[in-house]
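Q: give the three-dimensional model of this entry:
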Amino acid sequence: MTCGAPRAVEVGDLRLLLHEWGQPGPRPVLLLHSLAAHSHWWDWVAPRLAEDAHVVALDLRGHGGSDWMVPAAYHAEDHARDALAVLDGLGWRAPVVMGHSLGGYIGATLAALHPERVGALVIVDTMTQWNERETAWAMEQAERPGQEFATREEAGARFRLSPRETTAPAEWLRHLGETGVQEARPGRWAPTFDRQVFAHARPDVWPILPRVICPTLVVRGAGSPIMDREAWLRVATTVQRGQFAELKGAHHHLILDDPAQFVSIVTGWLSATR
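A: Here you go, the predicted model:
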């Protein structure tokens, strides 16, 4: 694991944090994390991708080291607009955009709204549409008080994935927990995401996918409870130039379960699309 170099960018009045790996090259990669996560979730994937590419992971607004919005504004279109501004700031014309879970929905939204700015899209185990039960859960999460911890190390020790199924080593989960908190006040550490992000996620990919015209790879973990096989295949056949791949032995958090296999699949596919 190699953490990327941090870099702040300004998008209007909004400060966004990026992490970078690798050197400028012909096919850069923008990474978009999942709901209530942060860019360090890519710490095991990004260094492998960076062997052949300039890689940037973005902390979405309301997440990680990026600013929170008051009033809250965390819809997919808001995140896609930020991503577009980041591409402009980096001078990237049409990079590979890769998103896990909510990040996949944001990447698809960006590709649908600005097709000329996404050269290739990787949708990674993304929920396609929330039902009433999931929407109620999200609203409950938005209203719950945030957790607090006495130390960064306690946050790492108590960190759990949702859903919990994973084959990732325990030390990787501790790393995510420790990098996902900040000292809110002396002796109290709190998660770095705004709980209002839950209220605004609400994915619904089906209206936008037919407008995605770039080469698109849809990847799921074979054991994922989030993106079942029916949704996986439907997404790949609804975009205009879709293909699909599945990671055996992986679950929803497949970028943690088997980053080496994931990168091998993606880079092989990208080589074939050149």
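Q: which ones are touching Val235?
A: Residues near Val235 by C-beta atoms under 8 Å, 6 or more residues apart in numbering: 123, 126, 128, 205, 209, 218, 227, 242, 244. In this view, the C-beta of every residue, glycine as well, is placed from N, C-alpha and C.
Q: make sure the last one is actually in contact with Trp232.
A: Yes - using C-beta atoms under 8 Å as the test, Phe244 is close enough to Trp232 to be in contact (6.0 Å).
Q: more neighbours, these two?
A: Neighbour count, other C-beta atoms under 10 Å: between Phe244 and Trp232, Trp232 has more, with 22 against 17.
Q: what is in contact with Phe244 and Trp232 at once?
A: 218, 220.
Q: circling back: want to throw the contacts of Val235 into a markdown table with pLDDT and distance to Thr151?
A: Formatted as a markdown table, the contacts of Val235 follow (pLDDT from 0 to 100; distance: C-beta to C-beta, whole Å):
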| residue | pLDDT | distance to Thr151 |
| --- | --- | --- |
| Ile123 | 98 | 37 |
| Thr126 | 97 | 34 |
| Thr128 | 95 | 38 |
| Val205 | 96 | 39 |
| Leu209 | 98 | 44 |
| Val218 | 98 | 40 |
| Met227 | 97 | 35 |
| Gly242 | 98 | 45 |
| Phe244 | 97 | 43 |
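Q: most neighbours of all those residues, which one?
A: Most neighbours among the contacts of Val235, by other C-beta under 10 Å: Ile123, with 32 neighbours.
Q: not counting sequence-adjacent ones, nearest residue to it?
A: Gly104 (4.0 Å; C-beta to C-beta, 6 or more residues apart in numbering).
Q: if we take the contacts of Val235, which one ends up nearest to Ala36?
A: Of all the contacts of Val235, Ala36 sits closest to Thr126, with 14.9 Å by C-beta to C-beta.
Q: so that closest one, which state does it fall into?
A: With DSSP: H, G, I helix; E, B strand; the rest coil as the basis, Thr126 sits in coil.
Q: tell me how far it lies from Leu209.
A: Counting by C-beta to C-beta, to the nearest Å, the gap between Thr126 and Leu209 amounts to 11 Å.
Q: and if you look at His175?
A: Taking C-beta to C-beta, one finds His175 at 33 Å from Leu209.
Q: can you pull the contacts of the nearest residue to Val97 once chain neighbours are set aside?
A: Counting by C-beta to C-beta, 6+ apart, Val97 lies nearest to Gly107, which is 4.4 Å off, once chain neighbours are set aside. Each residue near Gly107 by C-beta under 8 Å, 6+ apart is listed here: 32, 83, 97-99, 118, 121-123.
Q: same question for His175.
A: If a contact means C-beta under 8 Å, 6+ apart, then His175 has 1, 40, 43, 156 as its contacts.
Q: a markdown table for those residues, including distance to Asp52, pLDDT and secondary structure?
A: Listed next are those as a markdown table, based on distance: C-beta to C-beta, whole Å; pLDDT from 0 to 100; DSSP: H, G, I helix; E, B strand; the rest coil:
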| residue | distance to Asp52 | pLDDT | secondary structure |
| --- | --- | --- | --- |
| Met1 | 18 | 74 | coil |
| His40 | 22 | 98 | helix |
| Asp43 | 18 | 98 | coil |
| Gly156 | 31 | 97 | helix |
